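Chemist: Predicted model follows, preceded by the sequence.
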Amino acid sequence: MKEYWEILRELREDRDLRQADIAAILGTTQQVYSRYEKGINELPVRHLKTLCMYYGVSADYVLSLNKDNKKR
């Protein structure tokens, strides 16, 4: 099972986005977002919600909670 920060990185990289791009969407800095993707800082729920809406995926997918780990 993948950690949520690995899934966040994959979602971002699949769209050829930079950490700074996602940080801007979240209203934070690239450095703070980088710490989320490294698993150093926990992702706040408000950011999880924003990213799920942006990427069009469920929180269950990001958190690896659904048994087959499908995007929806």
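Modeler: Received the coordinates, thanks.

Chemist: three-state assignment of Trp5?
Modeler: Assigned with DSSP: H, G, I helix; E, B strand; the rest coil, Trp5 falls in the helix class.

Chemist: Touching, it and Tyr33? I think so.
Modeler: No: counting by CB atoms under 8 Å, Trp5 does not reach Tyr33; the two are 10.5 Å apart. Placement of C-beta: from N, CA and C, glycine included.

Chemist: More neighbours: which of the two?
Modeler: Shown here are Trp5 and Tyr33; by other CB atoms under 10 Å, Tyr33 has more neighbours (24 against 18).

Chemist: So what's the gap between the host helix or strand of that one and the chain middle?
Modeler: Secondary structure assignment for Tyr33, by DSSP states H and E: helix 30-37. When C-alpha coordinates are averaged (CA atoms, centre = their mean, to the nearest Å), helix 30-37 and its chain have centres 10 Å apart.

Chemist: Check stretch 34-53 too.
Modeler: The chain centroid and the centroid of stretch 34-53 are separated by 5 Å under CA atoms, centre = their mean.

Chemist: Buried ones in it, by neighbour count?
Modeler: With burial defined by 16 or more other CB atoms under 10 Å, the residues of stretch 34-53 counted as buried are 34-37, 43, 47-48, 51-52.

Chemist: Ok, stretch 3-10 next?
Modeler: Going by neighbour count (16+ other CB under 10 Å), the buried part of stretch 3-10 is 4-5, 7-9.
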